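1. Okay, structure incoming, though there's no sequence with it:
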Ligand code: DSN
């Protein structure tokens, strides 16, 4: 029996969500539209299987085909990111970081990551997260004037602190991450280098950002952001960490892997190896740069002055707003994005002085540089009148019409 007949309530909510996704302009830098083949694999009968363990060494029988699926995912991940070892069972980016830290550090060891309110992630040492509670955190920041990483200052700090692990890779940093410089820093203080490439994995896979593979000891990434795969994560590592990472994932912190998601990850890696994906990654960056220029032309101040990657961080405080007000007004006008702190923010994280915008999702829908003019115009119109509800609902209809030109999922 179909879902529609079995559970019409949930069916109808999924239908409504699909409609919302079709009509709204998604500028959330960490979101994307997984292609149909990814939905197909992740909605497959592989969800029925238990396969604790690894290919060839499972705790349950009946894993003949699951072994082949997981081996394919592992081999493709290694090839895509240029690392000798891959664990494709991590359920999420946060668990991947937890598992990677446990493989590299003892509890209480020192971890150096970027401050959360300057573009880091909760798992990079926030006091409200396990990372800030079980490791000794010494955070680094961005330079106050350039709002960019100051590699000399990080080097100095790292030499003094001597961390066991340095994390680089961010959630709200619009500039290139120079993994080679981080390698030098890690070598100078005897630290392991963990590159959390979740946001830019698709750019790296598509050749639009420098690779992390040649420099990292360990790489963690989600698979559903710019990489455009299923919701999940992987861990890549140098050979010497392979065993401890695998043991850390299973049995260290997880039980059975999600085999349907593993299959979808394998499909995602296959897609990311195709020439079209290189075009996609390049277009994400072109679109972000175009959006940045358009916003600047409309008088918005951008953190760090622009972008090198898929995201733009707009300082809305300089326009007399805060992130929360701006996010709500934009949502009412059919634009989904998120409030964000900006470096040296004086607002609380739930309010923030910034809005983070990203182009992976709109690029999947086929938008090009010229379309960013429309996006910037909508953004500007709404934020000029953040309390004008009549305007917001007018803009919402216009946005829905505009999005109709960039269909997703065709007949779905
Ligand atoms: N929640 C993700 C983001 O939006 O950047 C990070 O995990």
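-> Arrived safely, thanks for sending. Worth saying up front: this structure is predicted, and the values here are computed from it rather than measured. Numbering: from 1, shown residues only.
2. contacting residues around whichever residue of the stretch 251-400 of the chain sits closest to the ligand?
-> Relative to the ligand, the nearest point of the stretch 251-400 of the chain is residue 338 (6.8 Å; Cβ to the nearest ligand atom). Bear in mind the C-beta positions are built from the backbone N, C-alpha and C, glycine included. Applying Cβ atoms under 8 Å, 6 or more residues apart in numbering to residue 338 gives the contacts 28, 29, 323, 327, 355, 356.
3. next one: residue 271
-> 35, 37, 38, 228, 229, 277.
4. hmm, back to that, same list (the contacts of residue 338) but as CSV, adding distance to the ligand, pLDDT and secondary structure.
-> CSV is the format used below for the contacts of residue 338 (distance: Cβ to the nearest ligand atom, whole Å; pLDDT from 0 to 100; DSSP: H, G, I helix; E, B strand; the rest coil):
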residue, distance to the ligand, pLDDT, secondary structure
28, 7, 98, coil
29, 6, 98, coil
323, 14, 98, helix
327, 13, 98, helix
355, 13, 98, strand
356, 8, 98, strand
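5. tally of neighbours for the closest residue to residue 161 other than its chain neighbours?
-> Excluding the flanking residues, the one nearest residue 161 by Cβ to Cβ, 6 or more residues apart in numbering is residue 138, at 4.7 Å. For residue 138, the neighbour count with other Cβ atoms under 10 Å is 17.
6. Residue 162 is in contact with residue 138, correct?
-> No: with contact defined as Cβ atoms under 8 Å, residue 138 does not reach residue 162; the gap is 9.6 Å.
7. Pretty sure residue 235 sits in a strand.
-> Yes: secondary structure assignment places residue 235 in a strand (DSSP: H, G, I helix; E, B strand; the rest coil).
8. Which residues are in contact with it?
-> 86, 87, 90, 96, 99, 100, 218, 219, 220, 245, 249.
9. hey, what's it bridged with?
-> Here residue 235 sits in beta bridges with residue 87, residue 220, going by DSSP bridges.
10. For the residue of the stretch 151-300 of the chain found nearest the ligand, the count of nearby residues, please.
-> Going by Cβ to the nearest ligand atom, the ligand is nearest to residue 171 of the stretch 151-300 of the chain, at 3.7 Å. Applying other Cβ under 10 Å, we find 21 residues neighbouring residue 171.
11. Could you name every residue contacting both of residue 138 and residue 162?
-> Common neighbours of residue 138 and residue 162, using Cβ under 8 Å, 6+ apart, are residue 110.
12. picking up where we left off before, check the gap between the residue nearest to residue 161 and residue 286 for me.
-> For residue 138, the distance to residue 286 equals 37 Å [Cβ to Cβ, to the nearest Å].
13. got it, and residue 377?
-> 18 Å.
14. who's more crowded, the two?
-> residue 286 (16 against 13).
15. Three-state assignment for that one, please.
-> helix.
16. Please name the nearest non-neighbouring residue to it.
-> Using Cβ to Cβ, 6+ apart, the nearest residue to residue 286 is residue 369, at 5.6 Å.
17. and what of residue 157?
-> Leaving aside its sequence neighbours, residue 157 sits nearest to residue 140 (Cβ to Cβ, 6+ apart; 5.7 Å).
18. Next, give phi and psi for that neighbour.
-> phi -110, psi 160 (degrees, to the nearest 10).
19. for the one 4 residues further on, same thing?
-> According to degrees, to the nearest 10, the main-chain angles of residue 144 amount to phi -60, psi -30.
20. just checking, it touches residue 345?
-> No: using Cβ under 8 Å as the test, residue 144 is too far from residue 345 to be in contact (11.9 Å).
21. Which one of the two is surrounded by more residues?
-> Regarding residue 144 and residue 345, a neighbour count based on other Cβ under 10 Å identifies residue 345 as having more, with 19 against 9.
22. Quick one: residues contacting the residue of the stretch 151-300 of the chain closest to the ligand.
-> Contact analysis of residue 171 by Cβ under 8 Å, 6+ apart lists 29, 30, 119, 120, 121, 198, 199.
23. and it, that's in a strand?
-> No: the assignment for residue 171, made by three-state DSSP, is coil rather than a strand.
24. Please tell me how far the residue of the stretch 1-150 of the chain found nearest the ligand sits from residue 360.
-> Across the stretch 1-150 of the chain, no residue is closer to the ligand than residue 30, which sits at 3.3 Å (Cβ to the nearest ligand atom). The span separating residue 30 from residue 360 equals 8 Å under the rule Cβ to Cβ.
25. Okay then, goodbye and thanks.
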